[in-house]
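A.B. asks: structural data only, the sequence is not supplied:
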DNA sequence: CGTGCACTTGACAAAAATCAAATTTTGTGG
DNA sequence: CCACAAAATTTGATTTTTGTCAAGTGCACG
């Protein structure tokens, strides 16, 4: 990634999302920077850069929500702790993503860094007054929320599938698209999360996820270089397996 | 419902959602009117009231999105048509809800009225300029979007459950809470949608949904007055079945 | 009042969950 | 750099559960 390609990845908060209203964009599915450099530097004045070690809990559901986070580098999982020590993963969050949504002043879910993490921390109080004074910023936030809403609906669609292979393929497809949208090399899909985490996300046991990967590999659909790197071999079969989530 | 209880249900666009930041509200989970009467009447100038017959398709995924809708009365299902004539239902929409979100200028899913429907139709062009000129309105929209995002995550949580009884119980719990939040009588849960629609929403076949209701009834957890009216008999067992989705 | 569609129910097959054990990978300290 | 311990992943055998398909029933709408 040359600086020219991603000029906004320097040190200031960033919001990534696909455009809401503009159609016929250069590359559909590409992510755009929603914030102008001016807006980003204005936000930077109320943000502080924070680091978390791999595995660190960033906040827990139910705690008072006094900060919102914006990922600079690393990956986060958002989850709801279940009664029986199991957890349902609601989302994986990548650079450019924002997390820390609250319900009635409390965090709606827990979050944990699954890789070393760097993120901006924005106090909600400051953010709130900033939002009320900047209509343009509000509009960008609306775009980002619509984006997340669609992602959540896509997640629900994935979960509604019954066949393990379909779910795994759709998960890989999602990761691939996110990776491409971020402008990272996409010859190979990188899986920052553990098999168990994938299972919690797609609604299967870790064992079933493992069998899913193996089955896809045996059929020659994918090739696993190692646990964290997968390559699509047979694109046709792959797309056929992944119940399409495109428009129409 | 006395007019005093719901003064904002008169004829102007309305946005219902639970508060985002205020905690310790009178009744947690209650829905609030996000828009002031002034804002509502301002919106009314660009809105037109439309009626749809039961079963009517309001718009299809992929069509140009030139209007957003705000339900006055009736129920809508939003769905994605699947390849094999099946459809995944992403949401049921009730009075106060808004629908018509677009991706790159096109509707992201299809919608159909499942009861007779009355709704405001707001042209996006007018709405867009209105949004850009009214920071307060934008903020309310943000709140509404956060609300929908949480609903979508809750839907995903429901779908991640494996036992049919759990899914059915969670679905009933959701309907009950929505009904209560709207201020409707909640001694009995009203199901405006068909069993098949419930199945598409919770990720089971209509047959499995039917068995689910029967099993709950046989266990004495619920009582079905008729196909569309259910009453919770054994609240304790009911809550135990429905994997809790409360904070913490 | 009849027809059609929605719902229910049954028998069977398919699929993944569960439980547990074997194996590989990762991280740590020498 | 290697050895070891801990954690993660894979695999196998079994069980539970729901999907599937089809037939039967009943409600609702014209």
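C.D. replies: All right, it came through fine. Remember, predicted model here, so these are calculated numbers, not experimental data.
A.B. asks: any regions of chain A where pLDDT drops low?
C.D. replies: Within chain A, the segments meeting pLDDT under 70 span A:1-11, A:18-30, A:246-248.
A.B. asks: in it, which residue is most central in space?
C.D. replies: residue A:93 (3.2 Å; C-alpha atoms, centre = their mean).
A.B. asks: measure stretch A:31-40 end to end?
C.D. replies: End-to-end span of stretch A:31-40 (C-alpha to C-alpha, to the nearest Å): 17 Å.
A.B. asks: buried set for it?
C.D. replies: Counting neighbours by 16 or more other C-beta atoms under 10 Å in any protein chain shown, one finds that the buried residues in stretch A:31-40 are A:31-35, A:39-40. C-beta here means a position set from N, CA and C on the backbone, and glycine is covered the same way.
A.B. asks: what about it and chain B, touching?
C.D. replies: No: Stretch A:31-40 lies out of reach of chain B by C-beta under 8 Å from any C-beta of the partner chain, never closer than 11.1 Å.
A.B. asks: one step back: looking at the buried residues of stretch A:31-40, spot the one nearest residue B:182.
C.D. replies: Nearest to residue B:182 among these: residue A:34, at 33.3 Å, using C-beta to C-beta.
A.B. asks: contacting residues around the closest one?
C.D. replies: Under the criterion of C-beta atoms under 8 Å, 6 or more residues apart in numbering or on different chains, the neighbours of residue A:34 are A:15-17, A:140, A:143-144.
A.B. asks: what about those residues, which are in helices?
C.D. replies: Per DSSP state H, helices hold the following members of the contacts of residue A:34: A:140, A:143-144.
A.B. asks: hmm, back to that, surely the residue nearest to the centre of chain A meets residue A:72?
C.D. replies: No: taking C-beta atoms under 8 Å as the definition, residue A:93 is not a contact partner of residue A:72, at 11.8 Å.
A.B. asks: name the residues of chain A found near DNA strand D, please.
C.D. replies: Counting by C-beta under 7 Å from any atom of the strand, chain A comes close to DNA strand D at A:162, A:194-196, A:206-207, A:209-211, A:213-214, A:224, A:227.
A.B. asks: for the residues you listed, pick the one with the most neighbours.
C.D. replies: Ranked by neighbour count (other C-beta atoms under 10 Å in any protein chain shown), those have residue A:209 at the top, with 23 neighbours.
A.B. asks: just the element for that residue, please.
C.D. replies: Assigned by DSSP states H and E, residue A:209 falls within helix A:206-218.
A.B. asks: same deal with residue A:148?
C.D. replies: With DSSP H and E as the test, residue A:148 turns up in helix A:135-160.
A.B. asks: report the angle between the axes of the very next helix or strand once past that helix and helix A:206-218?
C.D. replies: On the C-terminal side of helix A:135-160, the closest following helix or strand by DSSP H and E is helix A:164-181. Relative orientation of helix A:164-181 versus helix A:206-218 (axes from the mean of the first three to the mean of the last three C-alpha atoms, to 10 degrees): 80 degrees.
A.B. asks: and whichever strand or helix holds residue A:89, anywhere near chain B?
C.D. replies: Element membership for residue A:89 (DSSP H and E) is strand A:87-93. Yes: on the criterion C-beta under 8 Å from any C-beta, strand A:87-93 is in touch with chain B at A:88, A:90-91.
A.B. asks: from these, list the ones also adjacent to DNA strand C.
C.D. replies: On the criterion C-beta under 7 Å from any atom of the strand, none of the entries of the residues of strand A:87-93 next to chain B sits beside DNA strand C.
A.B. asks: which among those end up buried?
C.D. replies: Listed as buried from the residues of strand A:87-93 next to chain B are A:88, A:90-91; burial here means 16+ other C-beta under 10 Å.
A.B. asks: what residues are bridge-paired with the residue lying closest to residue A:47 once chain neighbours are set aside?
C.D. replies: Closest residue to residue A:47 in three dimensions, ignoring its sequence neighbours and counting by C-beta to C-beta, 6 or more residues apart in numbering or on different chains: residue A:120, at 4.1 Å. Residues found in beta-bridge contact with residue A:120 (criterion: DSSP bridges) are residue A:49, residue A:70.
A.B. asks: among the residues of strand A:87-93 next to chain B, which one sits closest to DNA strand D?
C.D. replies: When these are compared for distance to DNA strand D, the smallest value, 16.5 Å, is given by residue A:88; criterion: C-beta to the nearest atom of the strand.
A.B. asks: surely the closest one meets residue A:82?
C.D. replies: Yes: distance between residue A:88 and residue A:82: 6.2 Å, which falls inside the contact criterion (C-beta under 8 Å).
A.B. asks: near DNA strand C, which residues of chain A show up?
C.D. replies: Where chain A comes near DNA strand C, counting by C-beta under 7 Å from any atom of the strand, the residues are A:54, A:162-165, A:203-205, A:207-208, A:226-228.
A.B. asks: pull the most distant pair out of these.
C.D. replies: Across the residues of chain A next to DNA strand C, the longest distance by C-beta to C-beta is 33.5 Å; it joins A:54 and A:162.
A.B. asks: which of the residues of chain A next to DNA strand D lies closest to residue A:125?
C.D. replies: residue A:194 (35.6 Å).
A.B. asks: also near chain B: which of the residues of chain A next to DNA strand D, exactly?
C.D. replies: Under the cut-off given by C-beta under 8 Å from any C-beta, chain B has residue A:162 from the residues of chain A next to DNA strand D close to it.
A.B. asks: dump the residues of chain A next to DNA strand D into CSV; add distance to residue B:115 as well.
C.D. replies: Rendered in CSV, the data for the residues of chain A next to DNA strand D read as follows (distance: C-beta to C-beta, whole Å):
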residue, distance to residue B:115
A:162, 29
A:194, 45
A:195, 44
A:196, 43
A:206, 43
A:207, 44
A:209, 40
A:210, 45
A:211, 43
A:213, 44
A:214, 47
A:224, 49
A:227, 50
